[in-house]
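A.B. asks: Next one to model:
(4 chains, ligands or ions: 4)
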Protein chains: 4
Amino acid sequence: MSSEENRARAPSGIAARKGDHLDIVLSASQSGARLPTGFEAVQFEHCALPELDFDKIDLSQDFLGRTLAAPLLISSMTGGPERAGRINHHLAEAAETLKIAFAVGSQRIAIEGHASCGLGKSLRRTAPSVPILANIGAAQLVAGYGVPEALRAIEMIEADGLIIHLNPLQEAVQTGGDRRWRGVLEAIAALRRELPVPLIVKEVGAGISGRVARRLTEIGVSIIDVAGAGGTSWAAVEAERAPDERRRDIAARFSDWGIPTAAAIREVREFCPDAFIIGSGGVRDGLDAAKALRLGADLVGQAASGLASAEQSAEAAIDHFSAVIEELRIACFCTGSKDLAALRQAPLLPSPASAAAPSLP
Amino acid sequence: MSSEENRARAPSGIAARKGDHLDIVLSASQSGARLPTGFEAVQFEHCALPELDFDKIDLSQDFLGRTLAAPLLISSMTGGPERAGRINHHLAEAAETLKIAFAVGSQRIAIEGHASCGLGKSLRRTAPSVPILANIGAAQLVAGYGVPEALRAIEMIEADGLIIHLNPLQEAVQTGGDRRWRGVLEAIAALRRELPVPLIVKEVGAGISGRVARRLTEIGVSIIDVAGAGGTSWAAVEAERAPDERRRDIAARFSDWGIPTAAAIREVREFCPDAFIIGSGGVRDGLDAAKALRLGADLVGQAASGLASAEQSAEAAIDHFSAVIEELRIACFCTGSKDLAALRQAPLLPSPASAAAPSLP
Amino acid sequence: MSSEENRARAPSGIAARKGDHLDIVLSASQSGARLPTGFEAVQFEHCALPELDFDKIDLSQDFLGRTLAAPLLISSMTGGPERAGRINHHLAEAAETLKIAFAVGSQRIAIEGHASCGLGKSLRRTAPSVPILANIGAAQLVAGYGVPEALRAIEMIEADGLIIHLNPLQEAVQTGGDRRWRGVLEAIAALRRELPVPLIVKEVGAGISGRVARRLTEIGVSIIDVAGAGGTSWAAVEAERAPDERRRDIAARFSDWGIPTAAAIREVREFCPDAFIIGSGGVRDGLDAAKALRLGADLVGQAASGLASAEQSAEAAIDHFSAVIEELRIACFCTGSKDLAALRQAPLLPSPASAAAPSLP
Amino acid sequence: MSSEENRARAPSGIAARKGDHLDIVLSASQSGARLPTGFEAVQFEHCALPELDFDKIDLSQDFLGRTLAAPLLISSMTGGPERAGRINHHLAEAAETLKIAFAVGSQRIAIEGHASCGLGKSLRRTAPSVPILANIGAAQLVAGYGVPEALRAIEMIEADGLIIHLNPLQEAVQTGGDRRWRGVLEAIAALRRELPVPLIVKEVGAGISGRVARRLTEIGVSIIDVAGAGGTSWAAVEAERAPDERRRDIAARFSDWGIPTAAAIREVREFCPDAFIIGSGGVRDGLDAAKALRLGADLVGQAASGLASAEQSAEAAIDHFSAVIEELRIACFCTGSKDLAALRQAPLLPSPASAAAPSLP
Ligand SMILES: Cc1cc2nc3c(=O)[nH]c(=O)nc-3n(C[C@H](O)[C@H](O)[C@H](O)COP(=O)(O)O)c2cc1C
Ligand SMILES: Cc1cc2nc3c(=O)[nH]c(=O)nc-3n(C[C@H](O)[C@H](O)[C@H](O)COP(=O)(O)O)c2cc1C
Ligand SMILES: Cc1cc2nc3c(=O)[nH]c(=O)nc-3n(C[C@H](O)[C@H](O)[C@H](O)COP(=O)(O)O)c2cc1C
Ligand SMILES: Cc1cc2nc3c(=O)[nH]c(=O)nc-3n(C[C@H](O)[C@H](O)[C@H](O)COP(=O)(O)O)c2cc1C
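C.D. replies: Ligands and ions are numbered 1, 2, ... in the order given. Below you'll find the model as predicted:
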């Protein structure tokens, strides 16, 4: 498919698809069963003597030249029109209020259609002081996108950085997905050399391995969002949307696929000691966020768990993300960590498996 | 029992038994509970940057002098008349369409009766270009079968190879089963020396161990189908068919018996580095198939999971097995494997057990 | 309590208690939940090429100067009158028919009362050719029993050996239990020196440890029945019989107490390489029996699982125990073991835990 | 908040809160789900030959210059008026009857209010011969409390020692909790130097780590009550009491937080070989108590499990705690331990995990 054909096919179908996604994720988040993120197995050692004043714990974190009040990123969810626009504005308001970072979802519709899809300057006016991130898909880069489209995505919202999302599994199980991925790495490298803002590369719920992270850092991408397994499973979402039983079954087989978030964070940190790592994928609360930081993340991203509040109102979104921050602060307090650097050194409990076997005389 | 008596006893009773088998397996495959195959514990590391075009992934595999489009074998299920004949023709059509290998079930009725039981030349005409495998039981070899019967099985369907199935557990728990197994190995060795086509030795769901595989390769059998535990349990099937409660209970005690497929593949590969290994037993889908290949199989066999579609129509069977192939292709794509050789090197996730114990500083 | 007082207190109360025991065990065996014996974690490696004739597998085992057709002991259950007498006669008939060993339950009532409680010569007449074992409690030995009582127990049934059962937990949680256990070991040693038949020491479901076994072999007891945890729990049984809630709760706390049978067998074998070990406690079937032998037992005992059949009729008991033997034979067949010596060397599967972690390149 | 403000805010609100606590804990103890204490994984090796007279087992333990008949402490629960006073008197009567130690709950209301809250001399008169422990919160020490308040707490009940409880998690999740904890350690050190009685430092259900214990012993605190996780979870209790959904959710996230009691005991013993350790947190019965002693505790504390009986009557409390002692005695009997020193050396079973993997030839 040429880049022209691709664009022709896009807008209306994509918008419907994105609406489906929101509905499926919102209803799924009600139900319980999920893959493990690996955070379940990480337990902090309680510190009964914190020697801290709770309110003075310092959660600040620098990101893209700005200082966040807490190491949080509202991860990419939507870039579509109307409903999506409303969600984005609620999230932007929450981000500004709480001084945390914010990423929009894929801007493909906005780039290819000619409406701004709620992704105009008003978003930036709502959140003038925090990092805002633009978002496009890696498959687009080999299907015709280049520097002009990337710049358009960035300028549309005056973004501080551009996220490229890698979603090969989603494309593979989705009817009509982009299954040509040869050349993606080179296209990212080319883009990086030309762009005026930093590039962030992320997955969408199947995780970035240490090996993939190393290939990314080798071409100069230094910010990596693992977006691991244990949260939203795109294979499961696409299974719900499948046009027939056969395709639904195929997609469903892969609902377990992916690198659990905790493992992804640790591996990327191990392979790329100097990368700036965003830990995301199934982060439910501030305790998971604390664990992500402990395992090696510099910033923690959350998407699906915040969606319901964002659909409701800016106040609900603020309530939600401020609770995440409060929980993170409690985790610092109860590990005696005065700041994030201390939290990253906080002792952990031995894993249940080894604790089960007391090696007594 | 002499070979004459044996033949006398056979045809009609066997046909009824084989019909029971189909019914029990078909109804069981609806229900859920099964032994683990060991595939559950094997997880691929996701590759977010495949650098591949999905449609160009090469799944081809040579087998018995022919090239398969995918490394799949439709495993032996039935050799009986009518219903079984219909099933076999649907499977043969699927095999031919998808260019995968196909094995008929035990040909004992056809050999001993005088009807072809649907196993005549029409099967080969339906599937002219793919490997077709004949099938007889090892216990028959010490109960009177020899080279003539084996040749008859092969010629009847113009087979490319002959499968000898080992099923001591099934015979032990089945009323009137063949329980004399002294001399089986020597009989196989003798047969191998005389036959014009290659010999394949398989189990039927309890697995071939590394030790047994070594004894087989020592007598010159170089193609081994592990047919391990985790799929169809013949002890469970025979328990359903048992004539009284006592025999049913005895059979049921052994429904857990057997070497899980994943363990069997790994062990046979370890003991017999040069054997051609068919990984089968509880392979549900193309993701299991990918794991079997990763663990050391050269080809992957599937029986029970495809039975329902084969009973329905050739189209349903094609749908089923093409989905298996599509899933295998997705597994290659999402591990960044351009062909089966690459898939066999694809990184795995550490097991959940070890992942549960982060060894952090 | 002097031996006189002790005797005075005994007969009628004991008889009622023993009836309770039968009822509770019979109803419990219907329900499912039980402690693990450790046999669950032991899995034989299947041998697809047995090279054996099923009917020629040799299960014979010498015990107390007689040769058993299979390495089985019907463990001590009852020594009481009427109902118990009937059970014992059914069991004796089964033992004689199948040529396996048989032990009566505690003979305290018969010794202290003046009726034979069905434990007269007729039992020996029913089972003239197999080992019959007498049974008394260890606590009795310090509460007044000595050589005369032991001889009476043996002679009453012309026993080939005398079992002393150790049941400190049962006595501790039972209202009015014998809680004075100082001097038991010395009393056993004294008895052993005087008796005309071999002494067997057993537990009743909490297991004999390697340490206890060593103390027993040091005083010359060379036959040890581990009677481990995972089958009948006497704390649970006594909880059901407790006179008030407080005592019931106390007993119930200990329903998990004990050394699982598989662990007990392995430890006693390790500590006492030359002892004759009876593996018992929660043996449900011939497959468990095979595992007990594989772990180090010379003979396998079964009590509770056979009780329902024994209450019914001799035929039912024969049916039950012959099924156990058939299952043991199938286990030999499917591991390629021509006799018990071979079974004791049969390869096992790696444990699920380690199998879960494939250490692939 | 100054110490004056703090006192002003206190009495009536605290009293209501404490009543809530009792109700929530009482209703929760009915329901089942709880975190593991780690005791589940500790199993004693049964000793079938105790060589002991049950009634002569010596459970005595010295504590604060008095000799207890059993190594038990009724842990701090309540210091409030009326209902709480009744509970305390029942507990004091049970402690006196059974010769075990007894601690009152936080005396903040009594100190700050001007009523004795049932914590007057009558408590000491009820329990003249056993250690009674006073109780204040660590957060109070930096919010204005000093030696005078501590002395008042001690004198009010003629206590043999003063407990300082550390509860940073509870304060963090509780509306209006004391979140200023800088200076706590120094305040404890200062208090210790001035007080006429020994100081005990404890948690309230989240556990003391080895590191925290070492900091305490370094300032001269030599009695440490681990009060680990697996029993009462104060985060869960505060979640039930939360004024709104957001605060309830935040508290609930931490209901799993804490060091399991078994791990805490072992770690504190390892870090502080010479400390006097009280093992508490989720101790349900005398078997858990035996395990706590085996893992390194000198004394065992129990709070929630005894609360229902204490609310009822002194007799019910005596019944409850005497059952705990009886169970501890049975554990000694069935491990062949003549006293607590022997129990501390009693062999344990290998953990299920390692037992699952027989390493047989
Ligand atoms: C409704 C929804 C839409 C999403 N759309 C995008 C997207 O357009 N671009 C993108 O990079 N990621 C997208 N994601 C992925 C998230 O950014 C995130 O990486 C992933 O969901 C894992 O985080 P979570 O488990 O917190 O949801 C989307 C997620 C959700 C739930
Ligand atoms: C209905 C049915 C009939 C079978 N009949 C035969 C047979 O005749 N000969 C044989 O070698 N295997 C036979 N098998 C065994 C299969 O070939 C295969 O080895 C086994 O079922 C494990 O694969 P699965 O788990 O995919 O079913 C049969 C299996 C099924 C389900
Ligand atoms: C109803 C019943 C009564 C028993 N009575 C005795 C007894 O009198 N003497 C004895 O040594 N063991 C007695 N036992 C214990 C058994 O001999 C055996 O050691 C124990 O039950 C464990 O085996 P099982 O799990 O197969 O029942 C009795 C067991 C049962 C079930
Ligand atoms: C109702 C209740 C009230 C408590 N109040 C106090 C208290 O005032 N001071 C204190 O140090 N601990 C208090 N605790 C904590 C207990 O002393 C104990 O450390 C903790 O509950 C763990 O033990 P458990 O699991 O046996 O309940 C209280 C516990 C309960 C259940």
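A.B. asks: Residue of the stretch 101-250 of chain A closest to ligand 4, please.
C.D. replies: A:G230 (31.3 Å; C-beta to the nearest ligand atom). All C-beta atoms are positioned from the backbone trio N, CA, C, and that covers glycine.
A.B. asks: now the residue in the stretch 51-200 of chain A that ligand 2 sits nearest to, nearest residue through space, not along the chain?
C.D. replies: Closest contact between the stretch 51-200 of chain A and ligand 2, by C-beta to the nearest ligand atom, is at A:V173 (23.8 Å). Nearest non-adjacent residue to A:V173, counting by C-beta to C-beta, 6 or more residues apart in numbering or on different chains: A:A251, 3.9 Å away.
A.B. asks: Enumerate the residues of the stretch 201-350 of chain A near ligand 1.
C.D. replies: A:202, A:204-205, A:227, A:231-232, A:280-283, A:302-305, A:307 (C-beta under 6 Å from any ligand atom).
A.B. asks: Return the subset of the residues you listed lying in helices.
C.D. replies: In this view, these that belong to helices under DSSP state H are A:A304, A:S305, A:L307.
A.B. asks: I'd guessed the last one sits against A:D23; true?
C.D. replies: Just to be clear, that refers to A:L307. No - with contact defined as C-beta atoms under 8 Å, A:L307 does not count as touching A:D23 (10.5 Å).
A.B. asks: More neighbours: these two, which one.
C.D. replies: Neighbour tally, A:L307 and A:D23, criterion other C-beta atoms under 10 Å in any protein chain shown: the higher count belongs to A:L307, 22 against 14.
A.B. asks: For the more buried one, give me its contacts.
C.D. replies: For A:L307, the contacting residues are A:L22, A:V25, A:L26, A:S29, A:M77, A:I87, by C-beta atoms under 8 Å, 6 or more residues apart in numbering or on different chains.
A.B. asks: same deal with A:K338?
C.D. replies: A:K338 neighbours (C-beta under 8 Å, 6+ apart): A:L52, A:K56, A:I57, A:D58, A:C332.
A.B. asks: What distance do you get for it to C:P148?
C.D. replies: Distance of A:K338 to C:P148, given as C-beta to C-beta, to the nearest Å: 80 Å.
A.B. asks: again, but for A:P71
C.D. replies: From A:P71 to C:P148 the distance is 83 Å (C-beta to C-beta).
A.B. asks: Look at the two and report which has more neighbours.
C.D. replies: Taking other C-beta under 10 Å, A:P71 and C:P148 do not tie; A:P71 has more neighbours (27 against 10).
A.B. asks: that older thread, Provide a PyMOL selection command restricted to the buried entries of the contacts of A:L307.
C.D. replies: Buried members of those, defined by 16 or more other C-beta atoms under 10 Å in any protein chain shown, are picked up in PyMOL with:
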select buried, chain A and resi 22+25+29+77+87
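A.B. asks: Hmm, which of the contacts of A:L307 is lowest in pLDDT?
C.D. replies: The lowest pLDDT within these belongs to A:S29, which sits at 54.
A.B. asks: For A:G120, grab the count of nearby residues.
C.D. replies: 15.
A.B. asks: Identify the residues contacting it.
C.D. replies: Residues in contact with A:G120 (C-beta under 8 Å, 6+ apart) are A:M156, A:I157.
A.B. asks: same thing with A:L35?
C.D. replies: A:L35 sits in contact with A:A229, A:G230, A:S233, A:S255, A:D256, A:G258, A:P260, A:G282, where contact means C-beta under 8 Å, 6+ apart.
A.B. asks: ok, now how distant is the residue of the stretch 151-300 of chain A found nearest chain B from ligand 3?
C.D. replies: Nearest to chain B, among the residues of the stretch 151-300 of chain A, is A:R179, at 3.4 Å (C-beta to the nearest C-beta). Using C-beta to the nearest ligand atom, to the nearest Å, A:R179 is found at 60 Å from ligand 3.
A.B. asks: what's the burial count for that residue?
C.D. replies: 20.
A.B. asks: my guess is the residue of the stretch 101-250 of chain A closest to ligand 4 meets A:S255, correct?
C.D. replies: No - A:G230 is not in contact with A:S255 according to C-beta under 8 Å; the separation is 11.8 Å.
A.B. asks: Which one's more surrounded, the two?
C.D. replies: A:G230 (26 against 17).
A.B. asks: nearest residue to that one other than its sequence neighbours?
C.D. replies: A:T37 (2.9 Å).
A.B. asks: Hmm, A:A264 and that neighbour touching each other?
C.D. replies: No - with contact defined as C-beta under 8 Å, A:T37 does not reach A:A264; the gap is 9.4 Å.
A.B. asks: Show me whatever sits in contact with both of those two.
C.D. replies: Jointly contacting A:T37 and A:A264 under the rule C-beta under 8 Å, 6+ apart are A:G228, A:A229, A:G281.
A.B. asks: Buried subset of the residues you listed, written for PyMOL?
C.D. replies: Under the burial definition 16+ other C-beta under 10 Å, those of the shared contacts of A:T37 and A:A264 that qualify are selected in PyMOL by:
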select buried, chain A and resi 228+229+281
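A.B. asks: May I see the shared contacts of A:T37 and A:A264 arranged in CSV, with pLDDT and distance to C:A103 as well?
C.D. replies: As requested, the shared contacts of A:T37 and A:A264 are arranged in CSV below (pLDDT from 0 to 100; distance: C-beta to C-beta, whole Å):
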residue, pLDDT, distance to C:A103
A:G228, 98, 60
A:A229, 97, 57
A:G281, 97, 61
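A.B. asks: Tell me which ones among the shared contacts of A:T37 and A:A264 also neighbour chain B, please.
C.D. replies: Checking the shared contacts of A:T37 and A:A264 against chain B by C-beta under 8 Å from any C-beta of the partner chain, the ones in range are A:A229.
A.B. asks: Save the shared contacts of A:T37 and A:A264 as CSV, and put in distance to C:A127 too.
C.D. replies: Shown next, in CSV, are the shared contacts of A:T37 and A:A264 (distance: C-beta to C-beta, whole Å):
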residue, distance to C:A127
A:G228, 67
A:A229, 64
A:G281, 69
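A.B. asks: ok, of the shared contacts of A:T37 and A:A264, which one's closest to chain D?
C.D. replies: Of those, the one sitting nearest to chain D (C-beta to the nearest C-beta) turns out to be A:G281, at 18.3 Å.
A.B. asks: Quick check: that closest one touching A:G230?
C.D. replies: Yes - between A:G281 and A:G230 there is a contact at 5.7 Å, judged by C-beta under 8 Å.
A.B. asks: Quick check: neighbours shared by the two?
C.D. replies: In contact with both A:G281 and A:G230: A:T37, A:T261, using C-beta under 8 Å, 6+ apart.
A.B. asks: In contact with A:K56: list those residues for me.
C.D. replies: A:K338.
A.B. asks: Same check on A:I330?
C.D. replies: By C-beta under 8 Å, 6+ apart, the neighbours of A:I330 are A:G286, D:L169, D:A172, D:V173, D:I250, D:F254.
A.B. asks: And the furthest pair within those?
C.D. replies: A:G286 and D:L169 (13.8 Å; C-beta to C-beta).
A.B. asks: coming back round to it: of the contacts of A:L307, just say which sits nearest to ligand 3.
C.D. replies: Once C-beta to the nearest ligand atom is applied, the member of the contacts of A:L307 that ends up nearest ligand 3 is A:S29, at 48.4 Å.
A.B. asks: Show me where the stretch 251-361 of chain A dips below the pLDDT cut-off.
C.D. replies: A:352-361 (pLDDT under 70).
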